[in-house]
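K.L.:
can't give you the sequence, but here's the structure:
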């Protein structure tokens, strides 16, 4: 029986993401599996696009930054003393940190974007923040969600029990 993508189905998508110029941003090596139906398990624009689709159908979704990873926030740039970091520091390394004025729940991943003699520049924005993205996907599987998945609002991996959330 061929199911369509609908609320409370678990959908598998083969996908890739490019920028508007066609430069590959995410090759989608692993398929995306999510619970469909407004659970915020995936970007809403993508959910709207695949609603009602059958297995084998493809969609392309153009997303503005607001629809994807948000606008770039210059306030998430931090400049720290070089002495606070490991000796083997390289641009692109990532550290967890709390933004100024934030508390311990607000942990962001900061990427090192610049290293000067005694200063390190860290950027807490998502690497794709501020970018428009083109998301192309093909529906490869659809199954009914289990009652537990619907209750918890996300999919359950067969070999992993999410009782701890």
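P.N.:
Sure thing, it's come through. Keep in mind the model is a prediction, meaning the values are calculated, not measured.

K.L.:
Neighbours of residue 49, how many?
P.N.:
Counted with other Cβ atoms under 10 Å, residues neighbouring residue 49 total 19. Every C-beta, even on glycine, is put in place using the N, C-alpha and C of the backbone.

K.L.:
That one and residue 4, how far apart?
P.N.:
Noted for residue 49: a distance of 13 Å to residue 4, by Cβ to Cβ, to the nearest Å.

K.L.:
Contact partners for the residue nearest the centre of the chain?
P.N.:
Taking Cα atoms, centre = their mean, the centroid of the chain lies closest to residue 69, which sits 7.4 Å from it. Each residue near residue 69 by Cβ atoms under 8 Å, 6 or more residues apart in numbering is listed here: 126, 128, 129, 130, 131, 133.

K.L.:
Residue 101 in helix, strand or coil?
P.N.:
Following DSSP: H, G, I helix; E, B strand; the rest coil, residue 101 is assigned to coil.

K.L.:
domain parsing for this structure?
P.N.:
9-68+131-152, 74-123 (automatic domain parsing).

K.L.:
Neighbour-wise, which one of the contacts of residue 69 leads?
P.N.:
With neighbours taken as other Cβ under 10 Å, the top of these is residue 133, carrying 21 neighbours.
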